[in-house]
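J.: here is my input; please provide its structure:
(chains A and B)
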There are 2 protein chains.
Amino acid sequence: MSSEASGRTYGASEEATAVGVPFGACPVPFTEATQILLGHGSGGKLTSQLIEELIVPALSNPLLDRLDDQASFEVGQGRLAFTTDSYVVTPLFFPGGDIGELAVNGTVNDLAMGGAEPLGLSLSLILEEGLPIAELKRVIESIRRAAAAAKVRIVTGDTKVVERGKADRLFVNTAGVGVIRPGTSLGGGNIQAGDRILLSGTVGDHGIAILSQRQDLGLDGEVRSDTAPLHGLVSVMLDACPGIHAMRDPTRGGLASILVELARRRGLGIDVDVTKVPVNDAVRGACEILGLDPMLVANEGKLVAFVPPEGAEAVLAVMRRHPLGERAADIGSVGVEHPGAVVVRTEIGGRRILDLPFGESLPRIC
Amino acid sequence: MSSEASGRTYGASEEATAVGVPFGACPVPFTEATQILLGHGSGGKLTSQLIEELIVPALSNPLLDRLDDQASFEVGQGRLAFTTDSYVVTPLFFPGGDIGELAVNGTVNDLAMGGAEPLGLSLSLILEEGLPIAELKRVIESIRRAAAAAKVRIVTGDTKVVERGKADRLFVNTAGVGVIRPGTSLGGGNIQAGDRILLSGTVGDHGIAILSQRQDLGLDGEVRSDTAPLHGLVSVMLDACPGIHAMRDPTRGGLASILVELARRRGLGIDVDVTKVPVNDAVRGACEILGLDPMLVANEGKLVAFVPPEGAEAVLAVMRRHPLGERAADIGSVGVEHPGAVVVRTEIGGRRILDLPFGESLPRIC
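T.: Numbers count the residues shown, from 1 in each chain, chains lettered A, B, ... in the order given. Alright, predicted model coming up:
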């Protein structure tokens, strides 16, 4: 096919098991690389090979398969939601999930919190030179599985490679586009005094799962990430009460950061009864040992909803019938007292102001 | 404001000039950090501060300012384009541009190549601990300027921080959503035998500008990146000929990679007259010294269009009247001979098959 390529394998590192196939010998595969090479990010043959042999076949659908620089699809008139998230979690694989599943579910959830059903996701990978191809395959397979489970397609993508030591194995960005369900208007700005605050389940599972994987906490198998796509749960909640004011998924910074941010932004007070916040026993135990407040620990498959009081009971009932809301609870309310602050009623009946930490003990949680 | 924060500045590194402001002393700024700390990615106060004081004010618009997890906007019935790109270019600043401008223009261009006007961009940052805040500000300011010039808004975003040594200063992902101009259908799959191939200007400027910045090539000031938003140029081209078959912006891998990929994918032959491909003198000189083919070097503000022969003259005329198409040229055509291959007529009248390099000499070009 070529009289020109002249062996310009500049990017290949010594770890490559580049097979000595002569350049004229298409269509024999060019390499059987077992690790990511700089050349995989070059825009040349290795890039095509990576994309067309490893990534696209796994995630195949008519939009992605066109391999244009953008996906295009019909939309009806209406409101569109658009979101983005980069994932830098370490380790890449942890109890209950991995970076690929996190990236799909996290972006589906950011859309869902706006009342949107996902139309499509983009997938942008930053790969570190030397990343085992087997590891990349495992992440792509996980993305495929998570996308299928959430009934969403990866419709466009991008792949970059950086030199060894200039990234940490693999970073993933997913952006998402979705169609907002007509008649809903979810947003932090809509929260009103009187709203009930409904939480879909236990808090802290994701953060403690990551921590237990990084440091041997003796929790093997007891704590798993709660990563899950929430748009199905959101859908039944909006069926029960289309006038829900706002939903958020408390990821980095935990439940506390959502509550503090919204109280501050709206200039309203939030009261939370901490005895109503569900926490798994193993998570509670780990938090006690580590001196962490479970309300500050990350989640990846939970939501908190601000619901007008007249709709709260119905919403809570449908949440509890959904597999992702079995342990849903009414944890408090929004009011006009102590504006801008979150006040927590503690286990021993006291009250304390909830505040965010300055930084965090646990980086790269998502 | 808080009786609880108890100084949990776990993420702070020794470079922080954290000011000893007591936690009760809001609204005095918490820190005057001069470098990115892990805590800036925590979801806690430092994260809020970074986003609300540095990023959002610079890029302010009603959609972004809502600070919800997703942007939402009305769309009319029609076709939507959706694209993503991560930017890992090194150095961050180079003659003619920087990573921020590249990220805005690159995603605007990926939308434009689908015939879409941008509705909004997302901005996701991966920051390395220790990145000077001044450098981040400079990139954000550049993003602001590029977005204003391209008349597009940053509508949603995300920020992550990784430990020192786990990234290379700053990676940027921009995804984009746009509305496809009614009546156009641009895509690599539409290319037909007979199409003329129009190139909007000189090739190789971006790649050589990056290379000259990395290694002192003595080209100071002579070669600048061509980064530019192309949707304005695309618009006048589609006015002149709505039936253009496909457009691509030849970035990584250069003009050659676009032509080779499309010839291969469509099973058609492409003929290019290399004497018609405009190359700036300084770029040509640098390529000769370095043994590079300008057709393989990256661009960031050029496009190549596949135009039905009856429309080619009109399209070329409007291109040449546009500031970004002054040196536009008809460089060749699509045919049925030598299917799947690109044949180049050389300066000395010979013919050679154009092929892609296996990897690349110049990683992290965009």
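
J.: tell me the secondary structure for residue A:147?
T.: helix (DSSP: H, G, I helix; E, B strand; the rest coil).

J.: give me the number of residues near it?
T.: 27 (other CB atoms under 10 Å in any protein chain shown). Placement of C-beta: from N, CA and C, glycine included.

J.: shouldn't residue A:212 be in contact with residue A:223?
T.: Yes. Counting by CB atoms under 8 Å, residue A:212 touches residue A:223, with 5.7 Å between them.

J.: what residues are shared contacts of those two?
T.: A:95, A:286 (CB atoms under 8 Å, 6 or more residues apart in numbering or on different chains).

J.: more neighbours: which of these two?
T.: residue A:223 (27 against 22).

J.: got a list of what that one touches?
T.: The neighbours of residue A:223, taking CB under 8 Å, 6+ apart as the test, are A:95, A:205, A:208-209, A:212, A:280, A:282-283, A:286.

J.: among those residues, who's most crowded?
T.: residue A:208 (31 neighbours).

J.: contacts made by the host helix or strand of it with the rest, please.
T.: Per DSSP states H and E: residue A:208 is located in helix A:205-214. Here helix A:205-214 makes contact (CB under 8 Å, 6+ apart) with A:89-91, A:94-97, A:217, A:219-220, A:223-227, A:251, A:254, A:280, A:282-283, A:286-287, A:290, A:292, A:297-301, A:362, A:365-366.

J.: quick one: buried ones out of those residues?
T.: With burial judged by 16 or more other CB atoms under 10 Å in any protein chain shown, the buried subset of the contacts of helix A:205-214 is A:89-90, A:94-97, A:217, A:219, A:223-227, A:251, A:254, A:280, A:282-283, A:286-287, A:292, A:297-301, A:362, A:365-366.

J.: buried ones in the lowest-mean-pLDDT helix or strand in chain A, by neighbour count?
T.: The weakest-scoring helix or strand in chain A, judged by mean pLDDT, DSSP states H and E, is strand A:71-75 (a mean of 86). For strand A:71-75, a neighbour-count test (16+ other CB under 10 Å) marks A:71-73, A:75 as buried.

J.: what subset of these is also close to chain B?
T.: For chain B, the contacts drawn from those by CB under 8 Å from any CB of the partner chain are A:71-73, A:75.

J.: ok so, going back, between the least confident helix or strand of chain A and strand B:71-75, how big is the angle?
T.: Using axes from the mean of the first three to the mean of the last three CA atoms, to 10 degrees, the direction of strand A:71-75 lies 60 degrees away from that of strand B:71-75.

J.: ok, residues contacting stretch A:280-294?
T.: Outside stretch A:280-294, the residues touching it (CB under 8 Å, 6+ apart) are A:202-205, A:207-208, A:211-212, A:217, A:219, A:222-223, A:254, A:256, A:277, A:279, A:297, A:361.

J.: cutoff 7 Å now
T.: If you take CB atoms under 7 Å, 6 or more residues apart in numbering or on different chains as the criterion, stretch A:280-294 is touched by A:202-205, A:208, A:212, A:217, A:219, A:222-223, A:256, A:279, A:297.

J.: now swap in stretch A:267-276 and tell me
T.: A:191, A:193, A:197, A:259, A:263, A:329-347.

J.: how far out from the middle of the chain is that stretch?
T.: From the chain centre to the centre of stretch A:267-276 is a distance of 26 Å (CA atoms, centre = their mean, to the nearest Å).

J.: per-residue pLDDT, residue A:41?
T.: You'll see residue A:41 listed with a pLDDT of 90.

J.: residue A:48 is in contact with that one, correct?
T.: No. Counting by CB atoms under 7 Å, residue A:41 stays clear of residue A:48, with 11.7 Å between them.

J.: out of the two, which sits in the more crowded spot?
T.: The neighbour comparison of residue A:41 against residue A:48 (other CB under 10 Å) goes to residue A:41, with 29 against 21.

J.: element containing the nearest residue to that one once chain neighbours are set aside, please.
T.: Among residues not flanking residue A:41 along the chain, residue A:161 sits closest, at 2.9 Å (CB to CB, 6 or more residues apart in numbering or on different chains). For residue A:161, the element it lies in under DSSP H and E is strand A:154-162.
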